[in-house]
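J.: Following is a predicted model, sequence given first.
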Amino acid sequence: MDFEEYLRSRREIIEEKLKSYFPENVYPELLTKAIRYSLLDSGKRIRPILMLAVADLFETPYERVLPFACAVEMIHTYTLIHDDLPAMDNDDYRRGKLTNHKVFGEAMAILAGDALLTEAFKIMAEASVLNKFSPKKTVQVIYEISSNCGIKGVVGGQVVDIISEGKVIDLPTLQYIHTHKTGALILAVVRAGAIISFATKKDLQRLTEYGRCLGLAFQIRDDILDIEGSFEKLGKKPGADITRKKNTYPSIVGLKESKEILEQLTEKAYRSLLPYDEKAKYLRNFIFYLQNRQS
Ligand code: GRG
């Protein structure tokens, strides 16, 4: 299967599973509508597909990791809904349509995000039982995902991002923001997929290196796209970082050096997969896909 076909087929599987978790008309319907509005039929599904690609490396049946992959997409969607709120980035558009709070109001958007985060952990707990994970594995996987989402992960990164707006910060602080706000969830996806797949310590080390490089590269590409991207492809207005005086790689090291750093991270991620054969081909494809993405 070529990579385009792989992405398409995996997206379909993920879409179906997500729909099954949130059927229509469940009481309270307004909450269900708000959740479905942001979660379904949109987004590139990079994080869940990446987890399935890690499972492929270890020949783990995708059904085993699918609920965890969907749970991470739910967590990702919660962060996007909350990030768009007036108290945070105050955005009107996301994924080419009005943001959740613009359609459902702030209270419902906050609650939709809260529900997505909470339900994600319920789904992971249920799947651990269904998959007959040992108590140790269950705790390992849930620890991996929760620790990368909390103070030492996404939320911590978001806080430093917010308090740094409009200020001059140094590169290590920007690295902290990027590796936590964005990189942590990507790292969690890779590591959790490996843990579920009974990866050895050595495998986990290599994949941690891969996940770290990919996570930072993803955000640097995002920074570049904010300068070079278009509304049609991004589904939101480019230039938002500049308007909001956000610190980005281009604002601190310049556009040319940002591209060079992105290239270095790409090479490093590629090198971390060298010990693997064809089974890592989708993980390899991911590196170049994220390096060159237009949306
Ligand atoms: C609210 C706790 C909290 C955290 C928010 C994720 C995040 C932290 C903010 C989103 C702001 C942003 C644009 C970050 C850049 C990286 C990123 C997460 C981009 C969106 O991810 P994609 O490109 O989006 O995978 P799709 O729409 O394809 O799912």
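T.: Here it is on my side, so go on.

J.: Now the lengthiest helix in the chain: average pLDDT?
T.: With secondary structure taken from DSSP state H, the chain has its longest helix at helix 201-228. In this model, helix 201-228 has an average pLDDT of 96.

J.: Now do the same contact list for the closest residue to residue 262 other than its chain neighbours.
T.: Spatially, and ignoring its direct neighbours in sequence, residue 262 is nearest to residue 220 (4.8 Å; Cβ to Cβ, 6 or more residues apart in numbering). Yep, even glycine has a C-beta here, placed from its N, CA and C like the rest. Shown in contact with residue 220 (Cβ atoms under 8 Å, 6 or more residues apart in numbering): 178, 249, 258, 261-262, 265.

J.: can you count the residues close to residue 54?
T.: For residue 54, the neighbour count with other Cβ atoms under 10 Å is 30.

J.: And for the closest residue to residue 218 other than its chain neighbours, the neighbour number?
T.: Excluding the flanking residues, the one nearest residue 218 by Cβ to Cβ, 6+ apart is residue 290, at 5.3 Å. Residues near residue 290, counting by other Cβ under 10 Å, number 23.

J.: for residue 28, same thing?
T.: Residue 28 has 10 nearby residues by other Cβ under 10 Å.

J.: can I assume residue 210 is in contact with residue 271?
T.: No: counting by Cβ atoms under 8 Å, residue 210 does not reach residue 271; the two are 9.1 Å apart.

J.: what about the two, which has more around it?
T.: residue 210 (29 against 13).

J.: ok, for the more buried one, nearest residue in space, not its chain neighbours?
T.: Among residues not flanking residue 210 along the chain, residue 272 sits closest, at 4.3 Å (Cβ to Cβ, 6+ apart).

J.: Now do the strands in the stretch 51-200 of the chain.
T.: 93-94, 97-98 (DSSP state E, counting those that start in this stretch).

J.: which of these sits most buried?
T.: Of all the strands of the stretch 51-200 of the chain, strand 93-94 has the most neighbours on average by mean count of other Cβ atoms under 10 Å, namely a mean of 18.

J.: if we can go back for a sec, could you dump the strands of the stretch 51-200 of the chain into TSV and include mean pLDDT and distance to residue 183?
T.: As requested, these are exported to TSV (pLDDT from 0 to 100; distance: least, Cβ to Cβ, whole Å):
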stretch	mean pLDDT	distance to residue 183
strand 93-94	91	20
strand 97-98	94	27
